[in-house]
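[1] I need the structure of the sequence given here:
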Amino acid sequence: MAFTGKATYDGGATLPELFRDVSDVIGMVTPWETPLLDAIGDAERPASSTKHEWLEDALNPHQDRLDGAINTVVTEVAVDDGAVFRPGDVVKLEVTSEVMMVTGVADDTLTVVRGYGGTTAASGADQAALLVIGHAALEGEDAAASAERARVVKSNFTQIFTETVKVSGTLDSLGIIGADREFDYQLVNRLRELTRNLERSVLCGVKSASTPEGSDTVRRTMQGMLPSVSAGVTDAGGDPLTEAVLNGALRAVWELGGAPNAIVCNGYQKRQISSFITTGAQYEKAGADTARALIGVYESDFGRQKVILSRWMPKDQALLLDLERVKVLPLVGRSFFARQLAAAGDYRLAQIVGEYTLEIHNAGDGGHGRLTNLATT
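    Predicted coordinates:
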């Protein structure tokens, strides 16, 4: 059977890869860095099953929205979720100064005292936010019903990443330009490719809709960050990424209870962020000839965010992440490793294998955010 791996003759009759009187450096422009994985860091523990599960919890909500507009005199107020409220709650519409007292709750309808405490009754538009200022208990009353929430089970699946290295015995025995052994050199490059693919999958991966656990015909894939972050999503409407747009997106996540500490974007949007300071070029020190026109950490009204430049982010999007809520875990015993395979001839054969999954907490209720539909030109 003809040999199908890498051999000395692959480059043609001139044998360009064997030792010659040339510089012993191999030029490579193919990018393989993984800045997001570097920022996330190693997980404290591995996943113990191909279906990785975790629990999420949240405090009881402190606001809801009107289900229909109200005028200044009605005392029956419809809301989206009446379970948020109970008699004795002091509430107010976000956009008015009126305070109301809730005296009764029937399904999704509140009975309220308007203009409580001498405040002035005001109208409210449909879907206006109704905030719970606090609950006022009666002196000596019985304990209220408990209001705990059930924890929610979230899950993701592991994905197998693999590459193969096959090098002829002749080529592996010879010195080559830029490396001691061809086999080891190829192993390193395949591992770089796999870590690059892992970062891309962590960002953009999608799990199978019908058979996420995989089968003998369905490949098991992980769900990435972009399809997971479904709350705190801001559509820029084709506008460029400005400070106003970025701060509006950060505020949207903050209002849901999140606290992003990282912004992940590609090169174009990174330059948009760095342009926030180009109107006043900053020099490293007085008299220096090196100007700084970049932002590595953005300090907003809603905290400090490290700006992570990733080649693998879609050009028209940016992620607003809380890295404390994100983990990339190997399946137990399945971190990337190289395994020598039996050879049936004069060659060396190995397989690199790794199996990983993404754990991202509160992606569906405001722990993270996403900017979409940003201008790209």
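
[2] going forward, measure contacts between C-alpha atoms and count neighbours the same way
    OK.

[3] and the residue nearest the centre of this structure?
    In the chain, the centroid-proximal residue (CA atoms, centre = their mean) is Met225; its distance is 4.0 Å.

[4] tell me the contacts of that one?
    202-205, 360 (CA atoms under 8 Å, 6 or more residues apart in numbering).

[5] could you rerun that using 6 Å?
    Leu203 (CA atoms under 6 Å, 6 or more residues apart in numbering).

[6] roughly how far apart are it and Thr217?
    25 Å (CA to CA, to the nearest Å).

[7] also Val332?
    Taking CA to CA, one finds Val332 at 24 Å from Thr217.

[8] repeat for Leu191
    From Leu191 to Thr217 the distance is 26 Å (CA to CA).

[9] so which of these two has more stuff around it?
    Leu191 (22 against 7; other CA atoms under 10 Å).

[10] regarding that one, what is its secondary structure?
    Counting by DSSP: H, G, I helix; E, B strand; the rest coil, the backbone at Leu191 sits in helix.

[11] give me the spatial nearest neighbour of it, chain neighbours excluded.
    In this structure, Leu191 finds its nearest non-sequential neighbour in Ile352, 7.1 Å apart by CA to CA, 6 or more residues apart in numbering.

[12] which residues of the stretch 151-300 of the chain score low on pLDDT?
    Residue ranges of the stretch 151-300 of the chain with pLDDT under 70: 175, 177-179, 278-293.

[13] rerun at 50
    The stretch 151-300 of the chain contains residues with pLDDT under 50 at 280.

[14] now the helices for it?
    169-173, 182-204, 225-228, 243-255, 267-274 (DSSP state H, counting those that start in this stretch).

[15] dump those to a markdown table, plus distance to Ala136.
    What follows is these, written out as a markdown table (distance: least, CA to CA, whole Å):
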| stretch | distance to Ala136 |
| --- | --- |
| helix 169-173 | 79 |
| helix 182-204 | 46 |
| helix 225-228 | 38 |
| helix 243-255 | 24 |
| helix 267-274 | 46 |
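
[16] which residues does Phe161 contact?
    Contacts of Phe161 by CA under 6 Å, 6+ apart are 353-355.

[17] just give me the closest of these to Val152.
    Glu355 (25.3 Å; CA to CA).

[18] can you report how many residues lie near the residue nearest to that closest one when sequence neighbours are not counted?
    Once flanking residues are discounted, Glu355 sits nearest to Ile160: 4.3 Å by CA to CA, 6+ apart. Ile160 has 20 neighbouring residues, counting by other CA under 10 Å.

[19] wait, Ile160 sits on Ile352?
    No: counting by CA atoms under 6 Å, Ile160 does not reach Ile352; the two are 10.4 Å apart.

[20] which parts of this protein belong to which domain?
    8-56+153-372, 63-135 (automatic domain parsing).

[21] tell me which of those domains sits nearest to Ser146.
    Among these, the nearest to Ser146 by CA to CA is domain 63-135 (11.5 Å).

[22] let me know the average pLDDT across the closest one.
    Mean per-residue pLDDT for domain 63-135: 95.

[23] endpoints of it, how far apart?
    First-to-last distance for domain 63-135 - CA to CA - comes to 13 Å.

[24] cool, stretch 56-63 as well?
    20 Å.

[25] got the buried residues for it?
    Gln63 (16 or more other CA atoms under 10 Å).

[26] out of the contacts of Phe161, which is nearest to Arg151?
    Glu355 (27.7 Å).

[27] phi first, then psi, for the closest one.
    The phi and psi values for Glu355, taken as degrees, to the nearest 10, are phi -140, psi 120.

[28] my guess is it contacts Leu194, does it?
    No: using CA under 6 Å, Glu355 is not in contact with Leu194, being 10.6 Å away.

[29] not counting sequence-adjacent ones, nearest residue to Asp89?
    His135 (4.3 Å).

[30] check Asp172 too.
    Using CA to CA, 6+ apart, the closest residue to Asp172 is Glu182 (5.2 Å).

[31] check Val233 too.
    Arg370 (4.7 Å).

[32] likewise Val218?
    Nearest non-adjacent residue to Val218 (CA to CA, 6+ apart): Thr211, at 7.0 Å.

[33] the one you found and Val153: what is the separation?
    Using CA to CA, Thr211 is found at 19 Å from Val153.

[34] of the two, who's got more company?
    Between Thr211 and Val153, counted using other CA under 10 Å, the more crowded position is Thr211 (13 against 10).

[35] I'd assumed Pro87 was in contact with the residue nearest to Asp89.
    No: the pair His135 / Pro87 is not scored as a contact, 8.3 Å apart, by CA under 6 Å.

[36] find the helix or strand that the residue nearest to Leu191 is a member of.
    strand 347-360 (DSSP states H and E).

[37] what helices or strands is that strand leaning on?
    Here strand 347-360 touches strand 159-168, strand 326-330, strand 337-341, going by 3 or more CA pairs under 6 Å, 6 or more residues apart in numbering; DSSP states H and E.
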